[in-house]
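1. predicted model follows, preceded by the sequence.
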Amino acid sequence: MPWQVFLVVGGFLAAKSLSPEGYPGHANPLGAIGRRYAKLAPPFMMATLFAVIASSWAGALMQHDSISPPATWGQLSAHALLLHGVLGFPSISAGAWYVAIDFQLYALVVLLLWLAGKMAGQTQLRWLVPFWIAVGVTLSLLHFNLDSEWDNWAPYFLGSYGLGLMAWWASDPKRKPGAVALLLVLVLLPTLTGLLVEFRSRIALALAVACALLLFGRARTSSNGPAWSAINGLATISYSVFLIHFPVCLLVNALFTRFTPPVPELQAAGMLLAWASSLAAGAAFHRWVEAPLGRIFDFAGSQAAVRPSSA
């Protein structure tokens, strides 16, 4: 269920970065997809290697379903390509499937923007992209999301992700009320129809999150003070915490399973320790892994972009 929140927020932020006003067109779709891969995959693979080590250490301390068997080279290669689910390899770390799906959804939106731009030509049909997303949401909720065989592919999750995209475009304060109403119809009609065909609590949650983002997603608030500094800091390291929390929690769980008695108070302390350790490890991972890798790939990308023009 919490993944639906991530999917809707992911779509909301994708619309903000790729097409804030919902216009068709993208000048360099392959470049955008490559930058997304470079942002997601390198730190993901480093965290995956940490998960392999953590599983090995935890396996020496306890027996538990969360401990993965030793990873194979094929499994690691599939993870590096973000194709582990598609190719049928089990995930090494919790949440690994989400990184792959996020990449697929982002790439799908980029390609839709590019294709819509080609179709619109010089007319810049402003409704082409929202209309296509509404069609995608409809197909997702009425077909793909009803078939678990699709749960390793973007169309299965496009309903939730598309709700986030539409929430960003509908929340534009410069958009006329009639246009907002049309956007809401485009997204609410297939969503409510999908819930009537087969009620899914995850889709109902996605709709609720999208409505909250529509109402409050662009609200301006004062960002001063220590509380906001802490929130901004947590937002900065959030991807690193997401990546590294599984191996950290696995090791803490193994240590408490092996060396502490099953006393509720001690196990509760273990949960708090796992939470605090995940935040600390996420901050360290961001500083020493995610941020340096980001600078390396940003530099490599800028060099590749400059080289053809200087030839």
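-> Here it is on my side, so go on. Residues are numbered from 1 along each chain as shown.

2. every contact and neighbour count from this point should use C-alpha atoms.
-> Fine.

3. output the below-cut-off pLDDT ranges for the protein.
-> Across the chain, the ranges flagged by pLDDT under 70 are 1, 121-126, 220-225, 299-311.

4. let's see that with 90 instead.
-> Along the chain, the parts satisfying pLDDT under 90 run over 1-3, 21-27, 63-68, 94, 116-128, 172-176, 179, 216-235, 262, 296-311.

5. show me how far the lengthiest helix in it is from its chain's centre.
-> Using DSSP state H to define each element, the chain has its longest helix at helix 29-59. Counting by C-alpha atoms, centre = their mean, to the nearest Å, helix 29-59 is centred 13 Å from the centre of its parent chain.

6. buried residues in it, which are they?
-> 29, 32-33, 37-59 (16 or more other C-alpha atoms under 10 Å).

7. which helices and strands sit right next to the very next helix or strand once past it?
-> Downstream of helix 29-59, the next assigned helix or strand under DSSP states H and E is helix 73-80. Using 3 or more C-alpha pairs under 8 Å, 6 or more residues apart in numbering; DSSP states H and E, the elements in contact with helix 73-80 are helix 29-59.

8. spatially central residue for the protein, please.
-> Ranked by distance to the mean C-alpha position of the chain (C-alpha atoms, centre = their mean), the top residue is residue 102 at 4.3 Å.

9. report all helices and strands that the helix or strand hosting residue 4 contacts.
-> Using DSSP H and E, residue 4 sits within helix 2-18. When contacts are defined as 3+ C-alpha pairs under 8 Å, 6+ apart, helix 2-18 packs onto helix 96-120, helix 154-170, helix 201-216.

10. which positions in it come out as buried?
-> Across helix 2-18, burial judged by 16+ other C-alpha under 10 Å covers 4-15, 18.

11. again with stretch 283-291
-> For stretch 283-291, by 16+ other C-alpha under 10 Å, it's 283, 284, 285, 286, 289, 290.

12. and of those, the nearest to residue 162?
-> residue 290 (27.8 Å; C-alpha to C-alpha).

13. please name the nearest non-neighbouring residue to the closest one.
-> residue 43 (5.4 Å; C-alpha to C-alpha, 6 or more residues apart in numbering).

14. circling back to that earlier point, could you dump the helices and strands packed on helix 2-18 into CSV and include distance to residue 271?
-> Below are the helices and strands packed on helix 2-18 laid out as CSV (distance: least, C-alpha to C-alpha, whole Å):
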stretch, distance to residue 271
helix 96-120, 22
helix 154-170, 30
helix 201-216, 26
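
15. out of the ones you listed, which is the most enclosed?
-> Of all the helices and strands packed on helix 2-18, helix 154-170 has the most neighbours on average by mean count of other C-alpha atoms under 10 Å, namely a mean of 28.

16. what helices or strands is the longest helix of the chain leaning on?
-> helix 73-80, helix 96-120, helix 238-259, helix 291-310.
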